[in-house]
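# no sequence for this one, just the structure:
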């Protein structure tokens, strides 16, 4: 067991080679198991949007999805309407689910100008999705190499295969989700943070706050870690984005967005794809429709769901801030990944594609596969397969106590966070600067 978490550079050379081969074999075996499991699900379940392989196939052969751009266009049209107010009518009166900050509309404004480059908007959207998808896969391979120190062709292929078969990434590609680009930027920021380029990591991560405002919590994280280059770049970039949003979209639209955030935290979503405490409780208490997407309806407010969900969010933030500090791995790459993935699970609305952030945490653990005991590796492999696929026998239990099993993506995410914390506790890496 002492050798299990020993630093590779402290091992004798023959033992290092054996340890490295064990980690490589584990990764390749997991990739092959993921492929076999995906093929099995494809053969067993023929209904649309179930098997990850089918989702990837549809994404690559169908027109680009419009899940994000459709609602962003609604937001932009509301802004250009008389009065220039985005949220009072669109969100609170018509209940359309444009829930992004006003700054996110800079993207759709840029895409609307694509005809000036002799590109159709559909072509521009597809190009952006494919660049984000391929960039995410390439970033995962790069991140694995950075964390492990080297990479073989089989290991690189295994990482790519696992990324292609990872449901949150495949679903984002298929739906045309801006989240795919955010996952790519998240991976880049993790790589740069690990390489000591803290300012650039803060700059890239701050860009994603135009779409995911909860990541502004990294400002507190960076200050408490005394990572001043990261914090300064993060604060300057978010401040500049905020200033541009205020000037372009107006103060009132930005203030209105706080009311949107409050409404979302109080209501959440009951649909089975909402893998959060809020979603699980809404389904458990039969509060809202968990079976079908309704573009204009949210579950009724229930104080018990709101209080428990909020308490979990607060506990998650405290755990993300304090556990690494308490156990001696603050300001490491693991700490960075830990806090970022916690920001996903604490959200009242955490769709499947939001869990793409977890893929880089998984890659971090894959790069240390030989340091994990057999039990921990088996648990990690099971969590990877659970996060990478839809499991219809569990998804179909959509209401009441039976619906609890449908939160397996959320549960697997929590278990992976625990595995990371346990591995870091048992094997503290040098404090990076």
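Perfect, thanks for sending it. What you see is a predicted model, and the numbers here were worked out from it, not measured in a lab. Residues are numbered from 1 along each chain as shown.

# contacting residues for residue 204?
Counting by CB atoms under 8 Å, 6 or more residues apart in numbering, residue 204 touches 185, 188-189, 192. Every C-beta, even on glycine, is put in place using the N, C-alpha and C of the backbone.

# same thing with residue 385?
33-34, 37.

# quick one on the thing from earlier: out of the contacts of residue 204, list just those in helices.
Among the contacts of residue 204, the ones falling in helices (DSSP state H) are 185, 188-189, 192.

# can you pick the most crowded of those residues?
Highest neighbour count within the ones in helices among the contacts of residue 204: residue 189, with 29 neighbours (other CB atoms under 10 Å).

# In stretch 113-122, which residues are buried?
Residues of stretch 113-122 classed as buried by neighbour count (16 or more other CB atoms under 10 Å): 114, 121.

# Please apply the same query to stretch 44-54.
Within stretch 44-54, the residues that qualify as buried by neighbour count (16+ other CB under 10 Å) are 50-54.

# least trustworthy position among the residues you listed, going by pLDDT?
Among these, residue 50 carries the lowest pLDDT, at 85.

# on that earlier part again, among the buried residues of stretch 44-54, which pair sits farthest apart?
Longest distance between any two of the buried residues of stretch 44-54 is 9.9 Å, between 50 and 53; criterion CB to CB.

# these two touch, right, residue 352 and residue 276?
No - if you go by CB atoms under 8 Å, residue 352 and residue 276 don't touch, sitting 10.9 Å apart.

# where in the stretch 1-150 of the chain is pLDDT low?
In the prediction, the stretch 1-150 of the chain carries residues with pLDDT under 70 at positions 1-19.

# Tell me which helix or strand comes right after the helix or strand harbouring residue 394.
When elements are assigned from DSSP states H and E, residue 394 belongs to helix 392-395. Following the chain from helix 392-395 toward its C-terminal end, the next helix or strand by DSSP H and E is helix 408-426.

# Which single one of the buried residues of stretch 44-54 is nearest to residue 255?
Nearest to residue 255 out of the buried residues of stretch 44-54 is residue 52 (CB to CB; 40.9 Å).

# Can you list the buried residues in stretch 25-32?
Taking 16+ other CB under 10 Å as the basis for neighbour counts, the residues of stretch 25-32 that come out buried are 26-28, 30-31.

# And for residue 61, the neighbour number?
A count of neighbours around residue 61, defined by other CB under 10 Å, yields 7.

# One more: the one 5 residues further on?
The number of residues packed around residue 66, counting by other CB under 10 Å, is 16.

# and what of residue 340?
Neighbour count for residue 340, taken as other CB under 10 Å: 24.

# can you check residue 375 too?
Other residues within reach of residue 375, judged by other CB under 10 Å, total 8.

# what helix or strand is it on?
helix 374-388.

# three-state assignment of residue 316?
In terms of secondary structure, residue 316 is helix; the call rests on DSSP: H, G, I helix; E, B strand; the rest coil.

# Not counting sequence-adjacent ones, nearest residue to it?
Distance criterion CB to CB, 6 or more residues apart in numbering; nearest residue to residue 316, sequence neighbours excluded, is residue 346 at 3.9 Å.

# so what's the one you found up against?
By CB under 8 Å, 6+ apart, the neighbours of residue 346 are 214, 276, 312-313, 316-317.

# Scan those residues and report the most crowded one.
When neighbours are counted as other CB under 10 Å, the busiest of the contacts of residue 346 turns out to be residue 276, with 26 neighbours.

# Let's test this: what are the backbone torsions at the nearest residue to that residue once chain neighbours are set aside?
With CB to CB, 6+ apart as the criterion, residue 276 has its nearest non-adjacent residue at 4.1 Å, and that residue is residue 350. The phi/psi pair for residue 350 (degrees, to the nearest 10) reads phi -130, psi 90.

# quick one: residue 350 and residue 358, what's the gap?
Taking CB to CB, to the nearest Å as the criterion, residue 350 is separated from residue 358 by 11 Å.

# Please identify the buried residues of the top helix by length along the chain?
The longest helix of the chain (DSSP H) is helix 13-44. When neighbours are counted by 16+ other CB under 10 Å, the buried residues of helix 13-44 are found to be 19-20, 23-24, 26-28, 30-31, 34-35, 37-38, 41-42.

# Next up, the contacts around the residue nearest in space to the middle of the chain.
Nearest to the mean C-alpha position of the chain, counting by CA atoms, centre = their mean, stands residue 357 at 3.0 Å. Taking CB under 8 Å, 6+ apart as the definition of contact, the neighbours of residue 357 are 183, 186, 340-341, 344.

# what's the nearest residue to residue 75 if we skip its chain neighbours?
That would be residue 98: by CB to CB, 6+ apart, it lies 4.3 Å from residue 75.

# swap in residue 125?
Using CB to CB, 6+ apart and skipping the chain neighbours, the partner closest in space to residue 125 is residue 64 (4.6 Å).

# how close does that neighbour sit to residue 318?
Looking at residue 64 against residue 318, where the rule is CB to CB, the gap reads 40 Å.

# So the two - more neighbours on which side?
When neighbours are counted by other CB under 10 Å, residue 64 comes out ahead of the other of residue 64 and residue 318, with 21 against 11.

# what sits against that one?
Contacts of residue 64 were listed using CB under 8 Å, 6+ apart, and they are 122, 125-126, 129, 176.

# Please list all residues in contact with residue 116.
Contacts here follow CB under 8 Å, 6+ apart; on that basis residue 116 touches nothing.

# ok, now how distant is it from residue 178?
21 Å.

# Repeat that for residue 45.
When distances are taken as CB to CB, residue 45 and residue 178 turn out to be 28 Å apart.

# Drop anything exposed from the contacts of residue 357.
Neighbour-count burial (16+ other CB under 10 Å) is assigned, among the contacts of residue 357, to 183, 186, 340-341, 344.
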